[in-house]
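J.: one predicted model, sequence on top.
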Amino acid sequence: MGHFRSADVRQLLHNKFVVVLGDSIQRSVYKDLVKLLRDDKFVSEAQLKRKGEMSFENDALVEGGSLNEMHNGTTYREVRQYRTGHHLVRFYFLTRVYSTYLESVLSDFQRGPQPDVVMVNSCVWDLMRYDDHHLEVYKTNLDNLFQRLKEVLSPQCLIIWNMTMPVGFRDNEIPENTVHNLRMDIAEGNFFSATLADFHKLDVLDMHYHFRCNLRLRCRDAVHWNPVAHRKYSQILLTHIARAWGVEMPKGKMPEGSTAEPPVSVALKTDPCPKLRPPIQKRERCGQGAAYMPGYTSFDGISINAMSGEYRHLHLCVIIQSCDV
């Protein structure tokens, strides 16, 4: 992974149009990228938590957000844009991976300008906030999305599907009848989306893999991530973009002042499968300063023997591979 300073990012994205599509986590991806274009400092946690504000780091709220009624429903819209003489970065908030609203976004691209990079992810809202057969509908919508992206965007556009990061939920945060199945649906959705994106010849970044041993960088809601995590996310994205374009990556240490202490660790439940924990040698290899976090796929509330055969096999595979670096 490269170590991109602000000057490196400005040079890499010089005269480029970058689009980020997705939920609140992808909005944080957009914000950290904008921050990196301006300086080497971290975006603050307060800035990451805000939504719909009129301006962030000299960007502009183009549509939705505080320009309209603020709410948490599936019809919420937010379009942000950061523009300088040589850089253009735009964010579209999505509550579903494919919809009539997504088609209106694609119409924006058809009218021009055409983006040079499109980064997209949508999963948690798709699986949580709709009453239909969410997983099957999600799979169908993914196929529609990937087909339409290939039809509308230029062949030179770099399309990156960002897989969903590890997700956890607090007690009583979601309906009891879905709490056990949701994480398994997310795991299945991740696998299906990556396979389908590869079939459509899109680039795939497995952010679930990259952050599987960094759970201490999650916020207290166990869904969102702190500024340290998002700076790592940006470095992974920029490294991938540089490689895709054949650009030599910068090397060296991160600039002074770009380190921060992560928040207090999110408390996790007891490991549901203690016998399946990897040996200590492998746990110590889980990234610099990180540690093995039992049950990070969040099957914590279910006995391993109570799972159906399909999901029991999936759970075993994920736990065994979770720290296989």
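T.: Yep, that arrived.
J.: name the element the closest residue to residue 152 other than its chain neighbours belongs to?
T.: Closest residue to residue 152 apart from its sequence neighbours, by C-beta to C-beta, 6 or more residues apart in numbering: residue 106 at 4.7 Å. C-beta: built from backbone N, CA, C; applies to glycine. Under DSSP states H and E, the secondary-structure element containing residue 106 is helix 100-111.
J.: just residue 159 next, same as before
T.: strand 158-162.
J.: and that strand, which strands flank it?
T.: Using DSSP bridges, the strands paired with strand 158-162 are strand 117-120 (parallel), strand 203-205 (parallel).
J.: now do the first one, average pLDDT.
T.: Averaged over strand 117-120, pLDDT sits at 98.
J.: could you dump that strand to PDB, C-alpha only?
T.: Provided in PDB are the C-alpha atoms of strand 117-120 (Å, rounded to 0.1, in the frame of the first residue of the first chain):
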ATOM      1  CA  VAL A 117     -13.400   7.100 -11.500                       C
ATOM      2  CA  VAL A 118     -16.600   5.800 -10.000                       C
ATOM      3  CA  MET A 119     -16.500   4.200  -6.500                       C
ATOM      4  CA  VAL A 120     -19.700   2.500  -5.300                       C
END
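J.: export the strand holding residue 159 to PDB, keeping only CA atoms.
T.: Presented in PDB, the C-alpha positions along strand 158-162 are these (Å, rounded to 0.1, in the frame of the first residue of the first chain):
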ATOM      1  CA  LEU A 158     -12.300   3.100 -13.700                       C
ATOM      2  CA  ILE A 159     -15.300   1.500 -11.900                       C
ATOM      3  CA  ILE A 160     -14.500   0.200  -8.400                       C
ATOM      4  CA  TRP A 161     -16.900  -1.900  -6.400                       C
ATOM      5  CA  ASN A 162     -16.000  -1.500  -2.700                       C
END
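J.: the residue nearest to residue 152: how many residues sit nearby?
T.: 16 (other C-beta atoms under 10 Å).
J.: got the contact list for it?
T.: Residue 106 is in contact with 148-149, 152, counting by C-beta atoms under 8 Å, 6 or more residues apart in numbering.
J.: any idea which of the residues you listed has the most stuff around it?
T.: residue 149 (22 neighbours).
J.: looks to me like that residue is in a helix.
T.: Yes: counting by DSSP: H, G, I helix; E, B strand; the rest coil, residue 149 falls inside a helix.
J.: surely it and residue 159 touch.
T.: Yes: with contact defined as C-beta atoms under 8 Å, residue 149 and residue 159 form a contacting pair (5.6 Å).
J.: quick check: neighbours shared by those two?
T.: In contact with both residue 149 and residue 159: 118, 120, 202, using C-beta under 8 Å, 6+ apart.
J.: between these, which sits nearest residue 211?
T.: residue 120 (17.8 Å; C-beta to C-beta).
J.: not counting its neighbours along the chain, what's nearest the closest one?
T.: Per C-beta to C-beta, 6+ apart, closest to residue 120 is residue 21, 4.1 Å.
J.: downstream of the helix or strand hosting that neighbour, the next helix or strand is which one?
T.: Under the criterion of DSSP H and E, residue 21 resides in strand 16-22. Remark: after strand 16-22, the chain's next helix or strand is helix 24-38, criterion DSSP H and E.
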